[in-house]
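[1] for reference, the sequence and a predicted model appear below.
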Amino acid sequence: MSMVSFRCPHCGQSLAAGERTFSCPSGHQFDRAREGYVHLLPSGRLAGGPSGDDDTMVRARRAVFDAGCYDPIIDAVATAVQATGADDVLDAGCGEGTYLARACAGGAHGWGIDISKVAVRLAARRYPQCSFAVASSYRLPFDDASFGAVIDVFSPRPFDELLRVLRPGGAAVVVTPGADHLAQLKALVYDTPRPHVDDEPTPPAVDVVEVRFSVDLAEPTLRRQLLEMTPYWWSADDARRARVEAALTSVDAHMVMTTYRR
């Protein structure tokens, strides 16, 4: 049984999970949603700002994942996590839960957080064996050294926090876009597409793997869903969206999977 617990966002003490609420020794209580997740994002944390991926983006991403389009990278992350032997795994930016569930298929307990309430709700409905919370990766609701492995896929990377919750010797498996990621899609959305450049400072890595694969988009519905699951959807007007749906029969995925150790 996992010994990890969520931490109260107000006082930092461990939260005990009840049938309907999560509570800490100081008396702070948080309702358990019908789907089982808990909302731990402090009030006002993102007031006036974005609240993560919306329903359309989250459901489009799940449809693309369910179609097997991203299996090579989902399986690569799962293999890397399972190789650590971790019994507790955190996905910091879990979205609709596919990466976490696949990584924990070997028996580890999965913990997922995301600032998107719609994403967490969808994850909790499908994967009740995992524990989910609406929370920020910049203020992870967990004690130090709680996890044997942390996953971060296309999400913010506050490395101080990611490494803080890792146990000594634990691994953070981080996935970022490669320079050529979705190049054909970008060429249809932008007049002068630019390759992705990742210049964010990072700690020393122990392993870097480039994952490349082709996504078959013969099914027209998948073309729109692939666009909807990316930020490029907001950059495309109706004419460019129609161009993607008509012309994008395949696209190349290029991702970089980097492992960091505490």
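    Structure's in. What do you need? Numbers count the residues shown, from 1 in each chain.
[2] helices of the stretch 1-150 of the chain, start to end?
    Here the stretch 1-150 of the chain has its helices, by DSSP state H, counting those that start in this stretch, at 55-66, 71-83, 98-103, 117-126.
[3] oops, could you answer that again for the stretch 151-262 of the chain instead?
    Secondary structure of the stretch 151-262 of the chain (DSSP H, counting those that start in this stretch): helices at 159-164, 183-189, 220-228, 232-235, 238-247.
[4] what is the fourth one packed up against?
    When you say that, I think you mean helix 232-235. Contact here means 3 or more C-beta pairs under 8 Å, 6 or more residues apart in numbering; DSSP states H and E; on that basis helix 232-235 packs against helix 183-189. No exception for glycine: its C-beta is placed from N, CA and C like everyone else's.
[5] so which bits of stretch 5-12 are buried?
    For stretch 5-12, burial by neighbour count (16 or more other C-beta atoms under 10 Å) applies to 5-9.
[6] now do the same end-to-end measure for that stretch.
    Taking C-alpha to C-alpha, to the nearest Å, the first and last residues of stretch 5-12 lie 11 Å apart.
[7] now find how far off-centre it is within its chain.
    Computed by C-alpha atoms, centre = their mean, to the nearest Å, the chain-centroid distance of stretch 5-12 equals 21 Å.
[8] do the same with stretch 92-102
    Distance of stretch 92-102 from the chain centroid (C-alpha atoms, centre = their mean) equals 5 Å.
[9] alpha carbons of it, as PDB, please.
    Extracted C-alpha coordinates of stretch 92-102, given in PDB (Å, rounded to 0.1, in the frame of the first residue of the first chain):
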ATOM      1  CA  ALA A  92       3.300  16.500 -12.900                       C
ATOM      2  CA  GLY A  93       0.900  17.700 -15.600                       C
ATOM      3  CA  CYS A  94      -1.000  14.500 -16.100                       C
ATOM      4  CA  GLY A  95      -3.600  15.800 -18.500                       C
ATOM      5  CA  GLU A  96      -6.200  13.000 -19.200                       C
ATOM      6  CA  GLY A  97      -4.000  10.400 -17.600                       C
ATOM      7  CA  THR A  98      -2.800   8.100 -20.400                       C
ATOM      8  CA  TYR A  99       1.000   8.500 -19.700                       C
ATOM      9  CA  LEU A 100       0.600   7.900 -16.000                       C
ATOM     10  CA  ALA A 101      -1.700   4.900 -16.400                       C
ATOM     11  CA  ARG A 102       0.600   3.200 -18.900                       C
END
